[in-house]
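Chemist: The amino acid sequence is not available; the structure is as follows:
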Ligand SMILES: CC(C)(COP(=O)(O)OP(=O)(O)OC[C@H]1O[C@@H](n2cnc3c(N)ncnc32)[C@H](O)[C@@H]1OP(=O)(O)O)[C@@H](O)C(=O)NCCC(=O)NCCS
């Protein structure tokens, strides 16, 4: 299972021991505002962990917990998975952070490393991301990564803004960074 590191973060594959840290994020209504729209219970977070562990075992990628290297605290989570959770569909990237760690550029920092993993290690031909059309913070992370807006599509029982980039877009974005 692949651990990724950035300047400020260590991305570790999600395991049972992360329940308390992930629950602190998933139980915050503000974090969940543009996701399911409501806070998640401890049982729902444990079910998410169970699903994610199965995907790590089956695919070799899924969700990571983000640990702040300086404090050792679990401050977020992010993923490389598949759109609609369907392995025949393109790879999808996603993120969420504990609210006291927003606006520090941490989502963009983690996103860069997860995208690098998808393109360089998984050899993904393209990567997409979806968000609620009003979720400006998430859309901004997608744009900063070098993704382009593709339109509105229905995913996860929600009308979503879809962003995407190809492998060659990624290499252009890396080269010009
Ligand atoms: C989306 C989220 C992960 C962004 O995290 P973050 O670390 O604060 O993002 P960054 O600091 O990397 O900021 C990225 C950009 O978004 C902008 N931004 C951040 N919050 C914003 C907001 N509320 N409204 C508009 N823009 C915002 C930042 O200014 C920055 O823009 P810049 O590139 O021009 O400087 C965080 O807001 C979050 O956890 N939200 C709740 C969960 C969620 O919605 N996840 C995404 C589901 S699709």
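Modeler: Everything's here; your move. Predicted model only: the values in this text are computed from it and were never measured. Numbers count the residues shown, from 1 in each chain.
Chemist: So which residues of this protein form helices?
Modeler: 19-26, 29-32, 42-59, 106-116, 136-145, 167-176 (DSSP state H).
Chemist: looking at the ones you listed, which one has the lowest mean pLDDT?
Modeler: Looking over those, mean pLDDT reaches its minimum on helix 167-176, with a mean of 86.
Chemist: relative orientation of that helix and helix 106-116 in degrees?
Modeler: Interaxial angle, helix 167-176 versus helix 106-116 (axes from the mean of the first three to the mean of the last three CA atoms, to 10 degrees): 120 degrees.
Chemist: Could you pull out the buried residues of helix 167-176?
Modeler: Residues of helix 167-176 classed as buried by neighbour count (16 or more other CB atoms under 10 Å): 169, 170, 173. C-beta: built from backbone N, CA, C; applies to glycine.
Chemist: cool, and stretch 156-169?
Modeler: Going by neighbour count (16+ other CB under 10 Å), the buried part of stretch 156-169 is 160, 161, 162, 163, 164, 165, 169.
Chemist: same check, this time on stretch 25-34
Modeler: Residues 25, 26, 28, 31, 32, 34 are the ones in stretch 25-34 that count as buried (16+ other CB under 10 Å).
Chemist: Excluding sequence neighbours, find me the nearest residue to residue 29.
Modeler: Among residues not flanking residue 29 along the chain, residue 39 sits closest, at 5.0 Å (CB to CB, 6 or more residues apart in numbering).
Chemist: Centre-most residue in the protein?
Modeler: The centroid of the chain falls nearest to residue 94 when counting by CA atoms, centre = their mean (2.4 Å).
Chemist: rewinding a little: would you convert the helices of the chain into TSV that also reports distance to the ligand?
Modeler: Listed next are the helices of the chain as TSV, based on distance: least, CB to the nearest ligand atom, whole Å:
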stretch	distance to the ligand
helix 19-26	8
helix 29-32	5
helix 42-59	14
helix 106-116	3
helix 136-145	3
helix 167-176	14
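Chemist: Of all these, which one is nearest residue 80?
Modeler: With CB to CB as the measure, helix 106-116 is the member of the helices of the chain nearest residue 80 (5.6 Å).
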